[in-house]
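A.B. asks: One predicted model, sequence on top.
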Amino acid sequence: MDIKKLREIFEDNYEELKYETGRSITLNMKEFAWQQVKLYYEKLGNVAKNMTEAEVKLILPEQLTPKGKKYTIEGIVDIVENEDKITMYDIKTHNSEEVQNDKDLYKGQLNVYAHMWKNLKGTEIDNMAVIATSPPSGLRQATSIGDEIAIDIIDDWNPIVELDIDNNEVEKQIRYFGETVDKIEAGEFKAPPLSKLKAVKKGQKAPFGTAVCRHCDARYSCNSYNQYINKVKLDEEILEEVDSEDMVEQDEWKDAFMK
Ligand code: SF4
């Protein structure tokens, strides 16, 4: 498929989602999303073409929290089956460096998905990985300059982060989900203070407010994030790293609240 056709599909999908959700995004954000789709296709076109089952919905109903509340776990994964091996992929709009530095955060979730797959299909997952579609800043800048430059450096980018299969993770993660449900039900979900959003975790370049909050669906109603994005003075050394991403985010924020 050529890029022109891919763009047409992207536009059709965008219109459909806009219609379904009643929400649109700024032009900046839309171009950022297109960039991820295009790079994903250029880098991982083969994985996409070999997908045996795409967007498989996994459900684990009738779970009980420690306080006895019922809840359901759901997840969506992609599956590639070849040479008797089954590989499960979870596509995330995070960047691979973040995922690599925080593997434990993803390992539990994907092991629960592998468990759900086994319940559903009766087969074991042999390999699993996160596909982190957000390109690193160097690649993003190169892509915005021109497609040819990006082709030169696209080879260095590895968006696939493999994770270990570990059955011990399943029970631990399900308990953690249950505890979280109990906290939500009890109204205990206070956002962390601004200082945490400004802090840069070991091994990461961007602070929590950019690396994590930017992907959080609750950010528009979060006071800490409101303070963070609406011009907290960030420290000089991290400002350069987060600036372009946060400008896009500020744009979206203004669009959502200042009309
Ligand atoms: S935006 Fe989300 S992740 Fe960030 S502090 Fe608020 S609730 Fe937590």
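C.D. replies: Received, thanks.
A.B. asks: Which residues does stretch 57-70 contact?
C.D. replies: Residues from elsewhere that reach stretch 57-70, judged by Cβ atoms under 8 Å, 6 or more residues apart in numbering: 71-77, 112-113, 115-117, 119-120, 174-175, 177-179, 181-182, 185. C-betas here are computed from N, CA, C, even on glycine.
A.B. asks: Output that stretch as CSV, nothing but the C-alphas.
C.D. replies: Extracted C-alpha coordinates of stretch 57-70, given in CSV (Å, rounded to 0.1, in the frame of the first residue of the first chain):
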residue,chain,number,x,y,z
LYS,A,57,-10.8,-8.3,22.7
LEU,A,58,-9.8,-10.2,25.9
ILE,A,59,-12.3,-10.3,28.8
LEU,A,60,-11.9,-11.6,32.3
PRO,A,61,-15.3,-11.2,34.0
GLU,A,62,-16.5,-11.8,37.5
GLN,A,63,-13.4,-10.7,39.4
LEU,A,64,-13.6,-9.8,43.0
THR,A,65,-11.7,-7.0,44.7
PRO,A,66,-10.3,-7.6,48.2
LYS,A,67,-13.4,-5.8,49.5
GLY,A,68,-15.7,-8.1,47.6
LYS,A,69,-16.7,-5.9,44.7
LYS,A,70,-17.2,-7.4,41.3
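A.B. asks: count of residues packed around W117?
C.D. replies: W117: 21 surrounding residues under other Cβ atoms under 10 Å.
A.B. asks: That should have said E42, apologies.
C.D. replies: Other residues near E42 come to 16 when the count uses other Cβ under 10 Å.
A.B. asks: does any part of stretch 79-96 sit near the ligand?
C.D. replies: No. Stretch 79-96 is not in contact with the ligand by Cβ under 6 Å from any ligand atom; minimum separation 12.7 Å.
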